[in-house]
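J.: can't give you the sequence, but here's the structure:
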């Protein structure tokens, strides 16, 4: 191993250490004080509930760990958006688990809480995963109600999705393990089955204080909407349990009796580890996002037996396409190339740029994978499409549009891993969030923005200088340098994977070693949802 490899390894392992440190802080939720209050009520914490519910020694793929990270500072923060979501195994069945974290503002819904819940439902609907809701929430966070209540992708969309999933036969089970108030009361009751924990669970449209204010009735919350009321009088809930563990045991029993899901038919054989050491990923990826490297070296350490059947290897070399297996699953890989290559066109340094011939190749490969019913994996380290007169005259817009069209209309499940840069239209062509990947995760080395930091800062500086000059201000070289540094720092802070993950532009940030797990669990989920739509790329077909 050379000095460069060792330097890369040190930097990337430090990024992973930072990731794990930040996750540990997030997993604390609303803090030890609030956790103690929940324990004193005899309740398990959200993550404890999930751990108890899940099958032992199985993986859990968390969705949106960093949701709302660094947001709502004036409100005291909202770790993980106050809700834990992810794909796990319950009684041998893969399902989506959604658990309110009552240590965070009593589980109240912030705008990002709604966005995260809707993302969890979207994943469940796309993959026909059963959904288990562990409800413990005070409802909408009233000071921000205008940002969460009335719009299309706000709070009410949850219940609309409940209804659609019910009609589609996607099983939903709810456990009322704490407060369940106002509009939020509809979520568990619109599930197929609802259970409630005696003494801590309650569900009502209006709590005792509001009832007193509205109609003058004096009543306590337990009598108004507790377990006895809803299991013995109203019939709103189906099962009553003495504590959290008994409730979770009951869910496991129900899940054990579900009929088998339909199979989409994606090909899988016995899994094999890569022959090349996965740990070497840390040393291969350059610490400088501008430096070249061979993306094949990444691919060989992600795929079974390090075997990769490359498609059109000597044509359109700024994108690598090919077939492989990941944890036994057959996959089609589309990846940006970053190395310097020599061809009949001369020496070319790609740097993640997409050229016309590469876009054409990728489009055809995506079509082939749809024809063969092979899931697609996109490995992003892209700076955009090639610009300049030669590219424009060569039809880069047409070829780029063809690739975007193929990605948009693809009917096989798509999975995106943002390894490095993810800039501009390259993000779109390589299946960014707008193009409905079933899952999209980033490595700690990722950068997501409309363009690179240095280019963007110079453009923004010109705009700001023009504005200041219009006001009669004199821009000295010192003032210009100060403005450039300020703009660069602000822009760079908005391109980090943490900024993207906090807003759910990606589903999470992962250690590169977890990439195989994410893709495998994603395809396993997708295999429960047969493809019922034919692939058609529309107007741009050649």
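T.: Right, received. Where do you want to start? Treat the numbers as computed from the prediction; the structure is a model and nothing was measured.

J.: touching, residue 140 and residue 182? I think so.
T.: Yes - with contacts counted by Cβ atoms under 8 Å, residue 140 reaches residue 182, the gap being 7.2 Å. C-beta here means a position set from N, CA and C on the backbone, and glycine is covered the same way.

J.: and these two? which has more neighbours close in?
T.: Using other Cβ atoms under 10 Å as the criterion, residue 140 and residue 182 rank with residue 140 on top: 23 against 17.

J.: for that one, phi and psi?
T.: The phi/psi pair for residue 140 (degrees, to the nearest 10) reads phi -60, psi 140.

J.: pairing partners for it in the sheet, please.
T.: Beta bridges link residue 140 to residue 109, judged by DSSP bridges.

J.: can you name the residues that contact it?
T.: 108, 109, 148, 149, 155, 182, 183, 184 (Cβ atoms under 8 Å, 6 or more residues apart in numbering).

J.: could you identify the buried members of the residues you listed?
T.: Buried subset of the contacts of residue 140 (neighbour count, 16 or more other Cβ atoms under 10 Å): 108, 109, 148, 149, 155, 182, 184.

J.: burial of residue 152, as a residue count?
T.: So residue 152, with other Cβ under 10 Å, has 7 neighbours.

J.: state the distance from it to residue 161.
T.: The gap separating residue 152 from residue 161 is 12 Å, by Cβ to Cβ, to the nearest Å.

J.: residue 210 too?
T.: In terms of Cβ to Cβ, residue 210 sits 27 Å off from residue 161.

J.: repeat that for residue 125.
T.: From residue 125 over to residue 161 the distance is 7 Å, taken as Cβ to Cβ.

J.: ok, and for the helix or strand harbouring residue 490, which residues are buried?
T.: Taking DSSP states H and E as the criterion, the element that holds residue 490 is helix 477-493. Residues 483, 484, 487, 488, 491, 492 are the ones in helix 477-493 that count as buried (16+ other Cβ under 10 Å).

J.: if I pick the spatially closest residue to residue 269 that is not a sequence neighbour, what's in contact with it?
T.: Computed as Cβ to Cβ, 6 or more residues apart in numbering, the closest residue to residue 269 that is not its neighbour in sequence is residue 328, at 5.1 Å. By Cβ under 8 Å, 6+ apart, the residues touching residue 328 are 268, 269, 270, 271, 272, 304, 520.

J.: filter those residues to the buried ones?
T.: Counted by 16+ other Cβ under 10 Å, the contacts of residue 328 give 268, 304, 520 as buried.

J.: got a pLDDT number for the second one?
T.: Confidence per residue is given as pLDDT, and for residue 304 that number is 98.

J.: longest helix anywhere in this protein?
T.: helix 3-27 (DSSP state H).

J.: what packs against that one?
T.: The contact analysis (3 or more Cβ pairs under 8 Å, 6 or more residues apart in numbering; DSSP states H and E) places helix 3-27 against helix 281-284.

J.: quick one: mean pLDDT over the following helix or strand past the helix it packs on.
T.: Next along the chain after helix 281-284, taking DSSP H and E as the criterion, comes helix 295-299. On average, the pLDDT along helix 295-299 is 97.

J.: list the buried ones in helix 295-299?
T.: 295, 296, 298, 299.

J.: show me the contacts for the third one.
T.: Contact partners of residue 298, counting by Cβ under 8 Å, 6+ apart, are 281, 284, 285, 335, 379, 419.

J.: would you turn those into CSV with neighbour count and distance to residue 531?
T.: Putting the contacts of residue 298 into CSV (neighbours: other Cβ atoms under 10 Å; distance: Cβ to Cβ, whole Å) gives the following:
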residue, neighbour count, distance to residue 531
281, 23, 32
284, 19, 35
285, 25, 34
335, 26, 24
379, 23, 23
419, 24, 27
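
J.: what about residue 22, neighbour count?
T.: There are 17 residues near residue 22, going by other Cβ under 10 Å.

J.: likewise for residue 36?
T.: Using other Cβ under 10 Å, residue 36 has 10 other residues around it.

J.: one more: residue 216?
T.: Residue 216 has 7 nearby residues by other Cβ under 10 Å.

J.: state the pLDDT value of it.
T.: pLDDT, residue 216: 82.

J.: against residue 223, how distant is it?
T.: From residue 216 to residue 223 the distance is 16 Å (Cβ to Cβ).

J.: now swap in residue 518 and tell me
T.: Distance from residue 518 to residue 223, by Cβ to Cβ: 47 Å.

J.: now residue 487
T.: Counting by Cβ to Cβ, the gap from residue 487 to residue 223 is 60 Å.

J.: same question, residue 99
T.: Going from residue 99 to residue 223 by Cβ to Cβ gives 27 Å.

J.: can you give me the neighbour number for the residue nearest to residue 53 when sequence neighbours are not counted?
T.: Counting by Cβ to Cβ, 6+ apart, residue 248 is the residue found nearest to residue 53 once chain neighbours are left out, at 4.7 Å. A count of nearby residues for residue 248, using other Cβ under 10 Å, gives 26.

J.: next one: residue 467
T.: Residue 467 has 10 nearby residues by other Cβ under 10 Å.

J.: ok, residue 436 next?
T.: Residues contacting residue 436 under the criterion other Cβ under 10 Å number 16.

J.: that one contacts residue 414, correct?
T.: Yes - Residue 436 is within contact range of residue 414, at 7.1 Å (criterion: Cβ under 8 Å).

J.: so how far is residue 510 from the residue nearest to residue 511 when sequence neighbours are not counted?
T.: Closest residue to residue 511 apart from its sequence neighbours, by Cβ to Cβ, 6+ apart: residue 16 at 5.0 Å. Distance, residue 16 to residue 510, by Cβ to Cβ: 9 Å.

J.: so which residues of the stretch 301-450 of the chain form strands?
T.: Ranges of strands within the stretch 301-450 of the chain are 309-311, 319-326, 329-336, 340-343, 346-349, 353-354, 376-382, 384-385, 414-423, 439-442, 447-449, based on DSSP state E, counting those that start in this stretch.

J.: pull the distance from the first one to the chain's centre.
T.: Pointing back at strand 309-311 there. Here strand 309-311 is found 28 Å from its chain centre; the criterion is Cα atoms, centre = their mean, to the nearest Å.

J.: and it, average pLDDT?
T.: Strand 309-311 comes out at a mean pLDDT of 98.

J.: same deal with the fifth one?
T.: Model confidence over strand 346-349 averages 58 on the pLDDT scale.

J.: kindly report the same for the third one.
T.: Computed over strand 329-336, the mean pLDDT rounds to 98.

J.: can you give me the buried ones in it?
T.: Buried-residue list, strand 329-336, by 16+ other Cβ under 10 Å: 329, 330, 331, 332, 333, 334, 335, 336.

J.: columns distance to residue 401 on top of those, output as JSON lines?
T.: Converted to JSON lines, the buried residues of strand 329-336 look like this (distance: Cβ to Cβ, whole Å):
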{"residue": "329", "distance to residue 401": "30"}
{"residue": "330", "distance to residue 401": "28"}
{"residue": "331", "distance to residue 401": "25"}
{"residue": "332", "distance to residue 401": "21"}
{"residue": "333", "distance to residue 401": "22"}
{"residue": "334", "distance to residue 401": "17"}
{"residue": "335", "distance to residue 401": "21"}
{"residue": "336", "distance to residue 401": "18"}
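
J.: now, among those residues, which is nearest to residue 362?
T.: residue 334 (5.5 Å; Cβ to Cβ).

J.: residues contacting the closest one?
T.: Residues in contact with residue 334, defined by Cβ under 8 Å, 6+ apart, are 319, 320, 321, 362, 365, 366, 376, 377, 378, 379, 430, 431.

J.: go again using 10 Å as the cut-off
T.: 311, 319-322, 358, 361-363, 365-366, 369, 376-380, 403, 406-407, 414, 416, 429-431 (Cβ atoms under 10 Å, 6 or more residues apart in numbering).
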